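1. Provide a 3D model corresponding to the input given below.
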Amino acid sequence: MSEGDARSPRPRLHLFLSCSIPGWRTNAGHDARRRHRFVGNRQKGGHPWPVAKASARTGAASVLRGEGEDDHWLTDATPTVAGRSAQGILRDMTRAMVAAHRGVATGAAENTIAAFSNAIDVGADMIEFDVRSTGEGELIAFHDAQVRGVPVGALSRAEIAAAAGVLPPLLTEVLAVCAGRIRLDVELKEDGYVADVMAVLRAGFDPGQLVVTSFLPAVVAQAKDVYPEVKTGLLIGDGGSLLDLAARFGELYPVGLARRVRADYLAPHYGLAPLGVLRRAAAAGLPCLLWTVNSPALISRYATDPRVAAIITDVAAEAVAIVAAAAGR
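-> Residues are numbered from 1 along each chain as shown. A predicted model of the protein is given here:
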């Protein structure tokens, strides 16, 4: 996720929303609500089905209660492939997957083998982690763009370890630990190394258990060009300038862009969920990877929402229990 994710007490996206949308408020940076309570879409007396399966049976408009808007004017006419292809990673699940945000950093640094092993141990379905390239071209699991003011791309892995206090694992090491044990959400933080990352993923991980995401539309498109079998997701909601109205509008109406880059998933910040983004994504056949959700109330709310394929969270152990309880209701 971006530097403005849920680890910050009040991301810039929330500041924008609180200033511009009546009824929007936040609770400790986690629990977002609006004045008119959002009506979730859950089956009565049973479990919901994944978006793609529901859309195939009944059409997205009938699946989503209260669906009255038509956003086709914001998109091109090319039908999305997401509803068909996303089933590879969704399989037949009737609940949201729990994705451990940079692993589980209990007694371990985030984005490390120890944190990823923790995520497997607590029963998470997926690990979300970041990939960057060092100055020597090594692909590593690392979030920040800089270490002590020096770009990661100008440092060796050893220099990063000396400055950050932890040796970042190689992408190949992450795949070796996780293959056959857990799904992966691989976020690409920059361009220029997409083909290299795709080559490593192709050689070391089942594409059916993998999704590649990025805030950069060109990176999402290139990943699909280089590795057509891999599922991709477009991340939205990273904050940015409050004056960039085009970007803010694009976050609320992202379907056209997602289709143009052939994304299989949409990955919105959870603050966008009550503003129609989930509904618009579902109508387009785009399951959502919702980030970064740490509030127990919100985790429970989206646990069985058929539009949400995964809940990305910093509290994976708690989320596993909450989602299991919600799915068993």
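
2. what's the burial count for the residue nearest to residue 313 when sequence neighbours are not counted?
-> Closest residue in space to residue 313, ignoring its immediate chain neighbours: residue 319 at 4.7 Å, by Cβ to Cβ, 6 or more residues apart in numbering. For every residue, glycine as well, the C-beta is placed using N, CA and C. Using other Cβ atoms under 10 Å, the number of residues around residue 319 comes to 29.

3. repeat for residue 203
-> Counted by other Cβ under 10 Å, the residues lying close to residue 203 total 9.

4. gap between it and residue 283?
-> In this view, residue 203 and residue 283 are 37 Å apart by Cβ to Cβ, to the nearest Å.

5. The residue nearest to residue 313 is in what secondary structure piece?
-> Element membership for residue 319 (DSSP states H and E) is helix 316-327.

6. Quick check: mean pLDDT of that helix?
-> Across helix 316-327, pLDDT averages out at 97.

7. Only the buried residues of that helix, if you could.
-> Neighbour-count burial for helix 316-327, with 16 or more other Cβ atoms under 10 Å as criterion, is recorded at 316-317, 319-323, 326.

8. Adding distance to residue 145, write the residues you listed out as JSON lines.
-> Formatted as JSON lines, those follow (distance: Cβ to Cβ, whole Å):
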{"residue": "316", "distance to residue 145": "25"}
{"residue": "317", "distance to residue 145": "29"}
{"residue": "319", "distance to residue 145": "28"}
{"residue": "320", "distance to residue 145": "31"}
{"residue": "321", "distance to residue 145": "34"}
{"residue": "322", "distance to residue 145": "32"}
{"residue": "323", "distance to residue 145": "32"}
{"residue": "326", "distance to residue 145": "36"}
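
9. Quickly name whichever of those residues is closest to residue 97.
-> Residue 97 lies nearest to residue 323 out of these, by Cβ to Cβ, at 8.3 Å.

10. Any figure for the gap between the nearest residue to that closest one once chain neighbours are set aside and residue 318?
-> Excluding its sequence neighbours, the residue lying closest to residue 323 (Cβ to Cβ, 6+ apart) is residue 303, at 4.3 Å. In this view, residue 303 and residue 318 are 12 Å apart by Cβ to Cβ.

11. same check, this time on residue 266
-> Distance from residue 266 to residue 318, by Cβ to Cβ: 25 Å.

12. next one: residue 278
-> 22 Å.

13. Based on its surroundings, how many neighbours for residue 296?
-> 15.

14. neighbouring contacts of the helix or strand hosting residue 290?
-> Counting by DSSP H and E, the element that carries residue 290 is strand 288-290. Residues outside strand 288-290 that contact it (Cβ atoms under 8 Å, 6 or more residues apart in numbering): 96, 99, 185, 211, 213, 233, 265-268, 270, 273, 277-278, 281-282, 302, 307-312.

15. Drop anything exposed from those.
-> Buried by 16+ other Cβ under 10 Å: 96, 99, 185, 211, 213, 233, 265-268, 270, 273, 277-278, 281-282, 302, 307-312, out of these.

16. about what we covered before: contacting residues around the residue nearest to residue 323?
-> 95-96, 311, 322-323, 326-327.

17. From residue 182, how far off is it?
-> Counting by Cβ to Cβ, the gap from residue 303 to residue 182 is 19 Å.

18. now do residue 141
-> Counting by Cβ to Cβ, the gap from residue 141 to residue 182 is 14 Å.

19. Which of the contacts of strand 288-290 fall in strands?
-> 99, 185, 211, 213, 233, 265-268, 308-312 (DSSP state E).

20. returning to that earlier point: ok, now which ones touch the residue nearest to residue 313?
-> For residue 319, the contact set (Cβ under 8 Å, 6+ apart) comprises 98, 124, 293, 299, 311, 313.

21. wouldn't the fifth one be in contact with residue 101 here?
-> No - using Cβ atoms under 8 Å, residue 311 is not in contact with residue 101, being 9.8 Å away.

22. Mind pulling up the pLDDT for the residue lying closest to residue 233 once chain neighbours are set aside?
-> Of all residues not flanking residue 233 in the chain, residue 265 sits nearest, at 3.5 Å (Cβ to Cβ, 6+ apart). Residue 265 carries a pLDDT value of 98.

23. What separation do you get for the closest residue to residue 210 other than its chain neighbours and residue 211?
-> Nearest in space to residue 210, with sequence neighbours left out and distances taken as Cβ to Cβ, 6+ apart, is residue 184 at 5.2 Å. As judged by Cβ to Cβ, residue 184 and residue 211 stand 7 Å apart.

24. Kindly list the main-chain dihedrals of residue 147?
-> Here is the backbone geometry of residue 147 (degrees, to the nearest 10): phi -130, psi 110.

25. tell me the contacts of it?
-> 155, 159-160, 163-164.

26. hey, which helix or strand in this structure has the poorest pLDDT?
-> Lowest by mean pLDDT, DSSP states H and E among the helices and strands of the chain is helix 60-63, with a mean of 26.
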